[in-house]
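Student: no sequence for this one, just the structure:
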């Protein structure tokens, strides 16, 4: 199993380097006391985001009480702060700068050049999005690609590891001007953020997201890739409007037969092999999105379904034999539990054949 994130970041060595960097910018900084504040009796039990916040709070105790003065020290140190500790600088702004927006918002734009302010800007957006979005529009045109990405990533309605933005979940339309500026950005990771933002929007406002996707699709290779990634949740749900964008064929043309599992009993850590036959009817090729869904047994008797992509192609009429394997080894992102599991084949969003097996 992969090493937990909390044990990979905020280590003794990386925190000591961080303290040294802050002291270089502010000679009065007591690095030893800072480290002792961090490693209190509760440190070992904290998760990674709790460790970030605790580091920020410990940092605040060792800086001048004046927010503007402390901010200048952190801005001086920012270009030299390396590793995950760098997120504590924008986190400092989100925690202690909510009463000084004229200093705090430009500081977030600066810190994101060296780290990321996507988490830290969200309390500001939650309080007054109309005041923040003009900054986002300006950042979307910045020469620095990290800043441009921040313009999109920071206003995602459902950014992972971050507080949600209820106002944007209810009405995301003020986000769209930012995404329009970035849809043909030269940096792929900026465009990927645009796609992730649209995917977030699609979960609460599918019609609004689809309006954008329908308008963008066919404009350029860049926007086509954005739209495909942005529609992933809708495609997995079999949304007809999303499927139509990409020209998937009528699923009634596709038949799934001879679905077989290699075994009906599997141990945690082993791999399940399965196979089936797909038949495409008609006289023309049909675009088919093939997926398989696994309904996992969870702790407490609950079940959780996850969909995996199997194939996506234009198929000529005929029969096709397909095979796939699925690992049931524990990972940092998924723990397996004994019990009855179900696996099914999904064709252009429609669940077809399925079978069950026991995981022990």
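Tutor: Happy to help now that I have it. Since the model is a prediction, treat every value here as computed from it, not as a measurement.
Student: Residue 309 and residue 319: what is the separation?
Tutor: 21 Å (C-beta to C-beta, to the nearest Å). From N, CA and C alone the C-beta is placed, and that goes for glycine too.
Student: what does residue 150 give?
Tutor: From residue 150 across to residue 319, the span is 50 Å (C-beta to C-beta).
Student: Spit out the contact partners of residue 111.
Tutor: 74, 75, 78, 86, 89, 90, 93, 117, 120 (C-beta atoms under 8 Å, 6 or more residues apart in numbering).
Student: Read off the pLDDT value for the first one.
Tutor: Yep, that's residue 74 we're talking about. Listed pLDDT for residue 74 reads 98.
Student: Could you chop this structure up by domain?
Tutor: The record assigns the chain these domain ranges, following automatic domain parsing: 5-245, 251-359.
Student: Out of those domains, name the one with the poorest average pLDDT.
Tutor: Among these, domain 251-359 carries the lowest mean pLDDT (a mean of 92).
Student: how long is that one from one end to the other?
Tutor: Taking C-alpha to C-alpha, to the nearest Å, domain 251-359 runs 31 Å from one end to the other.
Student: Check the offset of that domain from the chain's centre.
Tutor: The chain centre lies 24 Å from the centre of domain 251-359; the measure is C-alpha atoms, centre = their mean, to the nearest Å.
Student: Would you confirm that residue 185 belongs to a strand?
Tutor: No - going by DSSP: H, G, I helix; E, B strand; the rest coil, the assignment for residue 185 is coil, not a strand.
Student: Packing partners of whichever strand or helix holds residue 18?
Tutor: Per DSSP states H and E: residue 18 is located in helix 12-25. For helix 12-25, the contact count by 3 or more C-beta pairs under 8 Å, 6 or more residues apart in numbering; DSSP states H and E identifies helix 31-38, helix 48-61, helix 67-77 as packing neighbours.
Student: quick one, the second one and helix 67-77 angle?
Tutor: The one in question is helix 48-61. With axes from the mean of the first three to the mean of the last three C-alpha atoms, to 10 degrees as the basis, helix 48-61 and helix 67-77 are set at 120 degrees to each other.
Student: How about the first one?
Tutor: With the same axes, to 10 degrees as the criterion, the two stretches helix 31-38 and helix 67-77 enclose an angle of 110 degrees.
Student: And what about residue 320, helix, strand or coil?
Tutor: Criterion first, three-state DSSP; result for residue 320: strand.
Student: wait, isn't residue 336 in contact with residue 359?
Tutor: Yes - assessed by C-beta atoms under 8 Å, residue 336 is found in contact with residue 359 at 6.3 Å.
Student: Now the common contact residues for those two.
Tutor: Between them, residue 336 and residue 359 share the contacting residues 268, 328, judged by C-beta under 8 Å, 6+ apart.
Student: that older thread, of the domains of the chain, flag the one that's most buried.
Tutor: Of all these, domain 5-245 carries the top mean neighbour count, a mean of 18, counting by mean count of other C-beta atoms under 10 Å.
Student: For residue 19, which residues are in contact?
Tutor: Residue 19 sits next to 29, 31, 34, 35 when contact means C-beta under 8 Å, 6+ apart.
Student: and of the residues you listed, the nearest to residue 181?
Tutor: residue 29 (39.3 Å; C-beta to C-beta).
Student: Now that closest one. Nearest residue, chain neighbours left out?
Tutor: Residue nearest to residue 29 in three dimensions, not counting chain neighbours: residue 23, with 4.3 Å by C-beta to C-beta, 6 or more residues apart in numbering.
Student: isn't residue 230 right up against residue 214?
Tutor: No - the pair residue 230 / residue 214 is not scored as a contact, 11.3 Å apart, by C-beta under 8 Å.
Student: Export the helices and strands packed on helix 12-25 to JSON lines and append columns for distance to residue 269.
Tutor: Shown next, in JSON lines, are these (distance: least, C-beta to C-beta, whole Å):
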{"stretch": "helix 31-38", "distance to residue 269": "37"}
{"stretch": "helix 48-61", "distance to residue 269": "26"}
{"stretch": "helix 67-77", "distance to residue 269": "46"}
